[in-house]
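S.K.: give me the fold of what follows.
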Amino acid sequence: MDTSRDPVIVVGGGIGGVATALAFARQGWPVRLLEQAEQIGAIGYGVQLGPNVVPMLRALGVEEAARKAAYLPTQLRLHDMNSGATLFDIPLRTPAFDARYGGSPYMAIHRVDLHELLVDACRAHPGIDLNQSTTVARFDHTETGACVTTSDGRTIAGAAVIAADGLRSRLRAQLHPNDASRDTGYVAHRTIVPMAEAPASIRQHTGVTMWTGPGFHVIYYPLRDRAEMNIVVVVQVPAGVAAEDNARYREHLEAITAHARPEVRDVLALVSLERRWSIADRHPVRRWCEGRVTLLGDSAHATLQSLAQGAGMALEDAVLLPSLVTRFDGDFAHAFKAFEQQRFLRTARVQLESRALWEQYHCDGAQAEVRSAQWQERNAEDFHRCLDWLWKPDLPIVATPTTPSKLLQETP
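M.R.: Okay, here's the model as predicted:
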């Protein structure tokens with residue numbers, strides 16, 4: 001650790017923020033992480049990590065711990081919730097899958113477990129200063145440094161500022177004052193139940209199971225060595241039904257699931273319908289950085305859950321960014337611009353393909369019939385080939401010195 005360097009300031013203590021702090025510290029930079037909550041923690045539900053994420057965990061030095069904490073689903077399986085027809089069944093634990101993705105598995109992990117192993121690695125690193133109860137209001141920068149101003153008027157200075165402050169990022173709002181998150185009109189209900197308390201109809205499942213229909217889907221999968229079942233129910237809220245109108249909301253949910261298969265209704269009975277999370281994403285935007293300040297993770301490219309890549313994209317960001325700073329010999333402004341250029345197309349594709357897939361999940365009528373026919377025509381090889389761009393990317397994560405002009409020429 002080079003203590004003569006000014007610290008890198010990371011705003012936000014979620015998965016992207018703590019991973020970024022750890023990645024910079026592992027490349028010799030002192031880091032100050034600022035989190036507005038009283039504790040640096042995570043909401044306690046499941047998260048899926050594709051094979052593209054495992055090399056990121058390896059680069060952060062936490063792959064072994066993550067593998068121990070994770071459950072490895074056997075397949076991704078989607079059913080029509082009314083007819084019961086299987087729309088696709090994508091194998092995840094076969095020799096062909098292992099060979100295709102270099103031995104990197106598809107993992108399901110409790111978000112708290114993933115977050116805590118990253119935070120523990122940060123706490124064990126002498127170059128990382130973790131700060132809770134610190135709300136950042138704005139940033140400023142010069143040619144030689146950057147700083148943030150907190151809501152209570154303090155100024156915290158460093159070599160650069162990285163905004164990993166999530167979907168509703170205040171620092172993104174400073175860069176893009178007229179930009180706002182995009183509400184989908186859907187809400188999510190999330191819960192985790194002990195496997196012993198789950199209905200027999202779902203205890204047998206060893207993969208990620210999803211049932212879909214017009215304006216509705218439910219997804220569930222095991223966690224923690226099959227000791228728990230993670231459940232997410234997603235519902236399109238009709239116009240005119242207020243969030244607090246529980247009676248009308250239940251009537252709507254009963255109507256859209258009236259003909260659903262028994263397993264769907266078994267799962268739905270486990271979920272509290274009073275607690276809801278609105279579902280939103282962001283439009284792709286090209287300008288992530290300004291001088292020595294950059295956005296990262298959801299603050300740069302928040303996406304819907306369709307491809308299960310929100311955490312994955314943040315972890316890819318976290319590993320790549322300090323590597324670029326090293327390649328630019330500490331020239332943050334050029335490194336941040338190269339970061340934006342290298343990451344924009346991939347993250348925008350995740351955002352836009354997630355939206356398209358979201359529409360396909362929830363469509364009705366002829367559109368749903370065509371979708372189902374298309375998916376049922378595909379075999380495992382077809383689906384894996386369609387996902388190769390996502391699950392086995394060629395990311396330049398190894399730091400090698402070069403000149404700014406050369407790297408910019410190499411960057412599309």
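
S.K.: output the below-cut-off pLDDT ranges for the stretch 151-300 of the chain.
M.R.: Applying pLDDT under 70 to the stretch 151-300 of the chain picks out residues 243.

S.K.: same deal with the stretch 1-150 of the chain?
M.R.: In the stretch 1-150 of the chain (pLDDT under 70), the answer is 1-3.

S.K.: 50 - rerun?
M.R.: The stretch 1-150 of the chain contains no residues with pLDDT under 50.

S.K.: tell me which stretches of it form strands.
M.R.: Ranges of strands in the stretch 1-150 of the chain, per DSSP state E, counting those that start in this stretch, are 8-11, 31-34, 46-49, 75-80, 86-91, 107-110, 128-131, 136-141, 146-150.

S.K.: what packs against the second one?
M.R.: It stands for strand 31-34. Taking 3 or more CB pairs under 8 Å, 6 or more residues apart in numbering; DSSP states H and E as contact, the helices and strands that strand 31-34 lies on are strand 8-11, helix 15-26, strand 128-131, strand 155-158. In short, each C-beta sits where N, CA and C put it, glycine included.

S.K.: please identify the deepest-packed of those.
M.R.: Mean neighbour count (mean count of other CB atoms under 10 Å) peaks for strand 8-11 among the helices and strands packed on strand 31-34, with a mean of 30.

S.K.: elements contacting that strand?
M.R.: helix 15-26, strand 31-34, strand 146-150, strand 155-158, strand 160-163.

S.K.: mind listing what's buried in the longest strand seen in the chain?
M.R.: Once the chain is assigned using DSSP state E, the strand that runs over the most residues is strand 182-194. Neighbour counts over strand 182-194 (16 or more other CB atoms under 10 Å) mark 182, 184, 186-193 as buried.

S.K.: over to stretch 129-146?
M.R.: 129-131, 134, 136, 139-141, 145-146.

S.K.: what's the closest of these to residue 256?
M.R.: residue 136 (41.2 Å; CB to CB).

S.K.: returning to that earlier point: redo the buried residues of stretch 129-146 as JSON lines? Include distance to residue 311.
M.R.: Listed next are the buried residues of stretch 129-146 as JSON lines, based on distance: CB to CB, whole Å:
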{"residue": "129", "distance to residue 311": "24"}
{"residue": "130", "distance to residue 311": "20"}
{"residue": "131", "distance to residue 311": "23"}
{"residue": "134", "distance to residue 311": "23"}
{"residue": "136", "distance to residue 311": "22"}
{"residue": "139", "distance to residue 311": "24"}
{"residue": "140", "distance to residue 311": "30"}
{"residue": "141", "distance to residue 311": "28"}
{"residue": "145", "distance to residue 311": "30"}
{"residue": "146", "distance to residue 311": "26"}
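
S.K.: need the CA coordinates for whichever strand or helix holds residue 232. CSV is fine.
M.R.: Residue 232 is located in strand 228-236, with elements delineated by DSSP states H and E. Extracted C-alpha coordinates of strand 228-236, given in CSV (Å, rounded to 0.1, in the frame of the first residue of the first chain):
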residue,chain,number,x,y,z
GLU,A,228,-33.6,-22.2,2.4
MET,A,229,-35.8,-21.3,-0.6
ASN,A,230,-35.6,-17.8,-2.1
ILE,A,231,-38.9,-16.6,-3.6
VAL,A,232,-39.7,-13.5,-5.7
VAL,A,233,-43.2,-12.7,-6.9
VAL,A,234,-43.5,-10.0,-9.5
VAL,A,235,-46.8,-8.3,-10.4
GLN,A,236,-47.9,-5.6,-12.8
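
S.K.: show me what that strand is packed against.
M.R.: Counting by 3+ CB pairs under 8 Å, 6+ apart, strand 228-236 packs on strand 107-110, strand 182-194, strand 216-223, helix 246-256, helix 262-268.

S.K.: and the strands in the stretch 201-350 of the chain?
M.R.: 208-213, 216-223, 228-236, 277-281, 289-290, 293-295.
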